[in-house]
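Student: A predicted structure for the sequence below; I have some questions about it.
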Amino acid sequence: MNTMDINELTIDQDLLERINPVFNTAKMTLYQLSAAGDQDAARISEKLGLTLESTNRVSTPEEMIHNIIVLETRFRTMGALAEETGFTEVDLPCGYTPRAIEFARKGKAFVGLDLPAAIAEAEPAITSLIDEDKRHLVRFEGCDATNYESLKKVFDSIPGEVCITTEGLLMYFTDSEAGQLCDNIRRILQEHGGCWITADPETGIQFVLTTRAIYGDRFMEVLLKDQKQAQDKSDVPVTSRTLVVNPANAEENIRNAMMFLAKHGLKAERMIVSEHVPELASLKMAAPEQAETIRQSMGRFAYWKITPITGKQLDTTGSKSDHFDVKAELDGETLSLHLFGRLDTLTAPALITFFEKTAGENTIGEVEVDCAALDYISSAGLRALLMMHKKSKKGVTLRNINEVVREILQQTAFDSILNVEE
């Protein structure tokens with residue numbers, strides 16, 4: 001019987017791109033950052049010998065402007081959010097983007113993770129552009145995001161807390177793969193501390209709003225075309241991933257995504273992009289009215305900061321119904337509640353019953369309520385929160401409130417009774 005040593009095989013670039021269609025997308029991302037005016041991206045593109053013809057798949061100037069704005073918004077904002085944490089950024093996947101150069105220039109640590117083939121090509125090109133006295137701040141490693149041991153080997157060599165960032169990864173994962181990724185990241189964060197920041201869940205909302213601003217009445221035609229292109233690159237139906245929000249049913253999809261994370265021991269904070277986005281050079285490519293519409297739209301979608309659920313998990317089975325669910329954990333005297341669906345006359349009694357049972361068995365100093373997936377709250381729901389507020393030393397604090405719930409709080413003056421985070 002003939003045998004072969006897989007390590008002796010030479011794998012060509014074309015085969016890599018056929019097996020993993022996003023491989024070339026990473027190069028397109030780099031070139032579009034270069035087109036947005038990023039000098040570091042331009043230098044990496046030159047090192048790799050990239051050209052517009054070899055990386056660009058769009059056919060009109062409108063498409064190029066649209067894609068560059070979406071890309072630069074994501075890249076700049078994600079970089080700013082990661083930098084704000086003060087942790088070592090671990091970019092997964094890092095692709096060929098110039099963030100390593102930017103972070104090293106600022107004296108900040110950066111670790112880039114991607115497929116071994118991508119790292120083999122990106123690392124020498126990017127490292128050569130970093131000043132020699134700063135190269136110790138940057139590392140690149142090949143790994144598989146769905147393989148815990150592959151990730152653990154890298155993270156065990158990183159001192160201190162970490163900020164894991166993902167951009168454009170989840171849309172190519174099945175729910176099974178996404179669940180494995182969530183489990184892996186939860187374990188890493190529990191061991192090392194820090195957070196996971198991702199643009200992926202609401203990227204579809206960002207894309208739709210930017211498309212509407214650029215194309216006007218033709219935006220639906222463009223969206224259908226782009227959806228087909230995205231589907232051609234993915235083995236997963238583009239509307240069937242729980243962690244990627246479908247803009248057509250955003251509120252329900254956000255709720256389902258939050259529940260998916262909770263099942264994997266994670267919780268998310270929605271970080272509204274307009275509150276964190278730096279100045280963007282790409283907006284100058286659009287007409288002034290288009291640029292202003294895009295700026296306003298940034299208040300309507302968020303990137304997610306995800307952390308492990310660290311407290312004791314509480315049984316909330318009795319509070320669940322067809323239209324409402326709650327996840328709860330107790331960390332010391334802090335009760336954290338994650339509400340999903342409608343808190344109304346039908347569901348509020350079950351929530352307060354759960355709270356009173358929990359308070360009877362534990363000391364509750366404060367109640368933190370995550371409302372990111374709360375669609376609606378009635379007067380009965382408000383009274384339930386007020387009862388919890390009065391029975392807790394530091395009261396009830398509401399976080400991640402959507403416009404509907406905020407308006408109800410303001411109309412009833414409950415925003416001045418409960419603690420409401422802006």
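Tutor: Cool, got the structure.
Student: for stretch 304-324, C-alpha coordinates in CSV please.
Tutor: Extracted as CSV, the C-alpha positions of stretch 304-324 are listed here (Å, rounded to 0.1, in the frame of the first residue of the first chain):
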residue,chain,number,x,y,z
TRP,A,304,-20.9,43.9,20.5
LYS,A,305,-18.6,43.6,23.6
ILE,A,306,-19.0,40.1,24.9
THR,A,307,-17.8,38.7,28.2
PRO,A,308,-18.4,35.5,30.2
ILE,A,309,-21.4,35.1,32.5
THR,A,310,-19.3,34.9,35.7
GLY,A,311,-21.9,34.5,38.5
LYS,A,312,-23.8,31.5,39.7
GLN,A,313,-26.3,30.5,37.1
LEU,A,314,-29.9,30.5,38.4
ASP,A,315,-32.8,28.4,37.3
THR,A,316,-35.3,30.6,35.5
THR,A,317,-37.3,27.8,33.9
GLY,A,318,-40.5,28.9,35.6
SER,A,319,-40.3,32.4,34.1
LYS,A,320,-40.1,31.4,30.5
SER,A,321,-43.1,31.7,28.1
ASP,A,322,-43.7,31.9,24.3
HIS,A,323,-43.1,35.6,24.4
PHE,A,324,-40.6,36.1,27.2
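Student: tell me what residue 305 is bridged to.
Tutor: residue 197, residue 269 (DSSP bridges).
Student: how close does it get to residue 246?
Tutor: 22 Å (C-beta to C-beta, to the nearest Å). Bear in mind the C-beta positions are built from the backbone N, C-alpha and C, glycine included.
Student: same thing with residue 51?
Tutor: Residue 51 is 35 Å from residue 246, by C-beta to C-beta.
Student: neighbour-wise, which of the two wins?
Tutor: Set side by side, residue 51 and residue 246 show more neighbours around residue 246, with 17 against 11, by other C-beta atoms under 10 Å.
Student: can you check the pLDDT for that one?
Tutor: pLDDT recorded at residue 246 is 89.
Student: show me what contacts residue 196?
Tutor: By C-beta atoms under 8 Å, 6 or more residues apart in numbering, the residues touching residue 196 are 163, 164, 165, 166, 185, 189, 266, 305, 306, 307.
Student: quick one: contacts for the residue nearest the centre of the chain?
Tutor: The residue lying closest to the centre of the chain (C-alpha atoms, centre = their mean) is residue 198, at 2.0 Å. Residue 198 is in contact with 165, 166, 167, 169, 170, 303, 304, 306, counting by C-beta under 8 Å, 6+ apart.
Student: gap between it and residue 393?
Tutor: Residue 198 sits at a distance of 35 Å from residue 393 (criterion: C-beta to C-beta).
Student: which residues of the stretch 1-150 of the chain score low on pLDDT?
Tutor: Scanning the stretch 1-150 of the chain for pLDDT under 70 picks out the ranges 1-24, 52-59.
Student: pLDDT for the contacts of residue 196 - can I get that in JSON lines?
Tutor: Listed next are those as JSON lines, based on pLDDT from 0 to 100:
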{"residue": "163", "pLDDT": "98"}
{"residue": "164", "pLDDT": "98"}
{"residue": "165", "pLDDT": "98"}
{"residue": "166", "pLDDT": "96"}
{"residue": "185", "pLDDT": "97"}
{"residue": "189", "pLDDT": "97"}
{"residue": "266", "pLDDT": "92"}
{"residue": "305", "pLDDT": "97"}
{"residue": "306", "pLDDT": "97"}
{"residue": "307", "pLDDT": "95"}
